[in-house]
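S.K.: let's see this in three dimensions:
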Amino acid sequence: MFPGYVRAFAHSNALLVSHVHNVLTAAGIPAELRNLSLGGGAGELPLGECEPEVWVAPHNAERAEALIRQTLEGTSDRPAWTCPGCGEHLEGVFDTCWNCGTHRDA
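M.R.: This next block holds a predicted model:
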């Protein structure tokens with residue numbers, strides 16, 4: 001665990017939380033997943049303590065929240081792009097190609 005991190009996102013759906021984590025890391029924001037295995041404790045532990053979460057450094061929180069909002073709304077102010085490494089078509093929210101790992105600015 002990284003001390004000093006702040007919670008950027010939490011949801012009961014672990015797949016959605018993992019997707020948000022992947023979006024942030026693809027955008028170059030170091031993020032940490034927490035509570036992925038605490039779902040079985042629901043009922044014994046408070047619900048807010050069991051939800052899977054994504055945490056980021058405080059200086060990345062504002063950018064992370066904007067990316068999360070864009071991801072959940074399906075919007076981006078950046079245009080879609082084609083990866084120069086492999087030709088994969090990607091949405092504007094992504095800075096790195098999921099297929100080959102090439103950075104958008106390469």
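
S.K.: what about the closest residue to C83 other than its chain neighbours, how many neighbours?
M.R.: Using C-beta to C-beta, 6 or more residues apart in numbering and skipping residues adjacent in sequence, the residue nearest C83 is C97, 4.0 Å away. Glycine gets a C-beta too; all of them are placed from N, C-alpha and C. Neighbourhood size, C97 [other C-beta atoms under 10 Å]: 22.

S.K.: with the one 4 residues further on instead?
M.R.: Burial of G101 is recorded as 12 neighbouring residues (other C-beta under 10 Å).

S.K.: can you check R63 too?
M.R.: R63: 15 neighbours (other C-beta under 10 Å).

S.K.: I'd say W55 and I29 touch.
M.R.: No: W55 lies out of contact with I29 (C-beta atoms under 8 Å); the separation is 10.9 Å.

S.K.: can you pull out the strands in this protein?
M.R.: Using DSSP state E, the strands of the chain run over 6-10, 31-34, 53-56, 81-82, 89-90.

S.K.: columns distance to H21 on top of the ones you listed, output as a markdown table?
M.R.: Below are the strands of the chain laid out as a markdown table (distance: least, C-beta to C-beta, whole Å):
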| stretch | distance to H21 |
| --- | --- |
| strand 6-10 | 8 |
| strand 31-34 | 5 |
| strand 53-56 | 5 |
| strand 81-82 | 22 |
| strand 89-90 | 18 |
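
S.K.: got the buried residues for stretch 85-93?
M.R.: By 16 or more other C-beta atoms under 10 Å, the buried positions in stretch 85-93 come out as L90, V93.
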